[in-house]
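**Student:** requesting a structural model of the entry that follows:
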Amino acid sequence: MTKLALTMACGPYDRMEALAQGHVQPEGIDLRYLGIQSPPEIFARMIKTRSFDVAEMSLAHYCIMRTRGDFPFVAIPVFPSRVFRHGYIFVNKNSGIREPKDLEGKRVGVQEYRQTAGVWVRGILQHDYGVDLDTIQWVEGGVNEPRVADHDMDLRPVRPLKLELIPEDRTLNDMLESGEIDAYFGARRPIALDKGKNVTRLFPDYRAREKDFYQRTGFHPIMHTLVIREELFKEQPWVPESLFKACQESKSWALKQMRFSGAQRSMLPWLYDEIAEMDALMGPDPWPYGLEPNRKILTAFVQYLVDQHFIETALPIEELFAPIIAWSE
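**Tutor:** Presented below is the predicted three-dimensional model:
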């Protein structure tokens with residue numbers, strides 16, 4: 001029987017390596033895996049030209065557009081990107097910002113206001129530290145390189161927002177270093193953190209805070225999911241489950257390779273100590289896929305989108321993801 005030929009675009013991640021190299025074959029699918037380093041490139045190509053059958057997608061963009069309607073993609077509960085975000089809040093040393101509440105009334109840079117990383121940081125600042133987000137003047141633009149506004153991708157809240165776009169020849173990094181903005185947070189580290197004189201983290205002890213956040217909430221923040229073209233899902237409803245099983249197997253393969261002690265797979269001198277710390281904190285499955293293991297974190301994230309006025313009402317989580325039948329022998 002001829003297999004269904006599909007193209008999948010996703011980052012060159014270790015948890016996807018077995019899929020990319022063909023060690024794992026999705027049932028009934030002849031998969032062409034395109035490992036693309038830039039997530040925004042994947043998102044834009046999928047949304048604007050439907051360049052792929054399956055693609056990595058911003059969790060925020062997907063949840064917003066799927067809730068608003070007329071978004072021709074359906075998510076599979078696979079989450080290829082997760083990042084703790086306490087360490088991605090940066091401040092100018094001369095801004096007077098010493099604690100989260102000091103951000104109120106300040107000018108704060110964001111690469112893209114609707115960026116998933118930004119949704120997470122704002123949610124943490126609001127819910128854990130009581131920051132009034134409505135007092136902040138938001139400044140949007142490229143971080144280390146100039147960024148041209150993309151009105152097709154730049155989703156905005158459904159109520160007025162104090163947002164300023166910087167000139168297309170400027171960067172948030174330079175503005176943070178010079179003090180033109182007081183703080184910045186997002187998915188990219190500003191170059192000035194390492195090469196400038198005036199930029200530092202809001203939380204120097206970010207790793208301890210992130211571990212505490214996980215212990216309190218169980219949340220390892222999800223950044224991206226996978227989506228499939230909706231018409232393909234309707235024509236071939238078995239495809240999401242086949243891909244889900246393959247992604248699970250690929251992740252298991254990566255964890256096994258990472259733990260092989262005969263020779264280190266990654267250039268991290270204390271790799272096995274890091275693995276032991278991860279296991280102690282997160283248990284045997286540190287990167288869970290599926291709806292039920294992620295119900296609490298997904299519900300919280302969608303509530304952040306409501307709180308931040310991207311959507312007016314949260315859809316049930318089941319309506320955002322293709323149904324997957326869990327099966328064990």
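**Student:** list the buried ones in the helix or strand encompassing Glu249?
**Tutor:** Per DSSP states H and E: Glu249 is located in helix 239-259. In terms of neighbour count (16 or more other CB atoms under 10 Å), helix 239-259 has its buried residues at 239-251, 253-255, 258. No exception for glycine: its C-beta is placed from N, CA and C like everyone else's.
**Student:** before we move on, what about stretch 120-129?
**Tutor:** So for stretch 120-129, counting by 16+ other CB under 10 Å, buried means Trp120, Val121, Arg122, Gly123, Ile124, Leu125, Gln126.
**Student:** per-domain residue ranges of this protein.
**Tutor:** Domain assignment for the chain by automatic domain parsing gives 4-83+221-319, 86-217.
**Student:** can you list those domains in CSV and add distance to Ile325 and mean pLDDT?
**Tutor:** As requested, the domains of the chain are exported to CSV (distance: least, CB to CB, whole Å; pLDDT from 0 to 100):
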stretch, distance to Ile325, mean pLDDT
domain 4-83+221-319, 6, 97
domain 86-217, 28, 96
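**Student:** how much space separates Arg82 from Arg107?
**Tutor:** 29 Å (CB to CB, to the nearest Å).
**Student:** ugh, typo on my part, it should be Asp307
**Tutor:** From Asp307 to Arg107 the distance is 21 Å (CB to CB).
**Student:** about what we covered before: looking at Arg82 and Arg107, which is more packed in?
**Tutor:** Arg107 (21 against 17; other CB atoms under 10 Å).
**Student:** what pairs with that one across the strands?
**Tutor:** Counting by DSSP bridges, Arg107 is bridged to Gln137.
**Student:** ok, back up a step: contact partners of the helix holding Glu249?
**Tutor:** 4, 6, 8, 14-19, 23-29, 31, 54, 74, 76-78, 226, 228, 232-233, 265-266, 271, 275, 287, 289-290, 322-325 (CB atoms under 8 Å, 6 or more residues apart in numbering).
**Student:** among these, name the buried ones.
**Tutor:** Judged by 16+ other CB under 10 Å, buried ones among the contacts of helix 239-259: 4, 6, 8, 14-19, 24, 26, 29, 31, 54, 74, 76-78, 226, 228, 232-233, 275, 289-290, 322, 324.
**Student:** the residues you listed in helices, which ones?
**Tutor:** Glu17, Ala18, Leu19, Leu232, Phe233, Ile275 (DSSP state H).
**Student:** now do the contacts for the fourth one.
**Tutor:** Listed by CB under 8 Å, 6+ apart, the contact set of Leu232 reads Leu6, Asp53, Val239.
**Student:** distance to Asp279 for those residues - can I get that in a markdown table?
**Tutor:** Formatted as a markdown table, these follow (distance: CB to CB, whole Å):
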| residue | distance to Asp279 |
| --- | --- |
| Leu6 | 34 |
| Asp53 | 35 |
| Val239 | 33 |
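**Student:** and which of those residues is nearest Phe185?
**Tutor:** Asp53 (33.7 Å; CB to CB).
**Student:** now for the closest residue to the closest one other than its chain neighbours: which residues touch it?
**Tutor:** Closest residue in space to Asp53, ignoring its immediate chain neighbours: Leu6 at 4.2 Å, by CB to CB, 6 or more residues apart in numbering. Contact analysis of Leu6 by CB under 8 Å, 6+ apart lists Ile29, Asp30, Leu31, Arg32, Asp53, Val54, Leu232, Val239.
**Student:** between these, which is nearest Lys162?
**Tutor:** For those, the nearest to Lys162 is Val54 (37.5 Å; CB to CB).
**Student:** where's the closest one relative to Cys63, distance?
**Tutor:** When CB to CB is the yardstick, Val54 and Cys63 sit 18 Å from each other.
**Student:** Phe321 versus the nearest residue to Val227 once chain neighbours are set aside, what's the distance?
**Tutor:** Beyond its immediate neighbours in the sequence, the residue positioned closest to Val227 (CB to CB, 6+ apart) is Phe73, lying 3.9 Å away. Relative to Phe321, Phe73 is positioned 11 Å away (CB to CB).
**Student:** and the ones in helices among the buried ones among the contacts of helix 239-259, which two are the farthest apart?
**Tutor:** Checking these with CB to CB, the most distant pair is Leu232 and Ile275, at 37.2 Å.
**Student:** what are the bridge partners for the residue nearest to Asp53, then?
**Tutor:** Assigned bridge partners for Leu6, using DSSP bridges, are Leu31.
**Student:** give me the number of residues near Arg170?
**Tutor:** Neighbours around Arg170, by other CB under 10 Å: 16.
**Student:** now do the same for Ile297: helix, strand or coil?
**Tutor:** helix (DSSP: H, G, I helix; E, B strand; the rest coil).
**Student:** residues in contact with the closest residue to it other than its chain neighbours?
**Tutor:** Among residues not flanking Ile297 along the chain, Phe219 sits closest, at 4.8 Å (CB to CB, 6+ apart). Taking CB under 8 Å, 6+ apart, we find Phe219 in contact with Phe213, Lys296, Ile297, Ala300.
**Student:** the third one reaches Tyr214, doesn't it?
**Tutor:** Same thing as Ile297. No. In this structure Ile297 lies outside contact range of Tyr214 using CB atoms under 8 Å: 10.5 Å.
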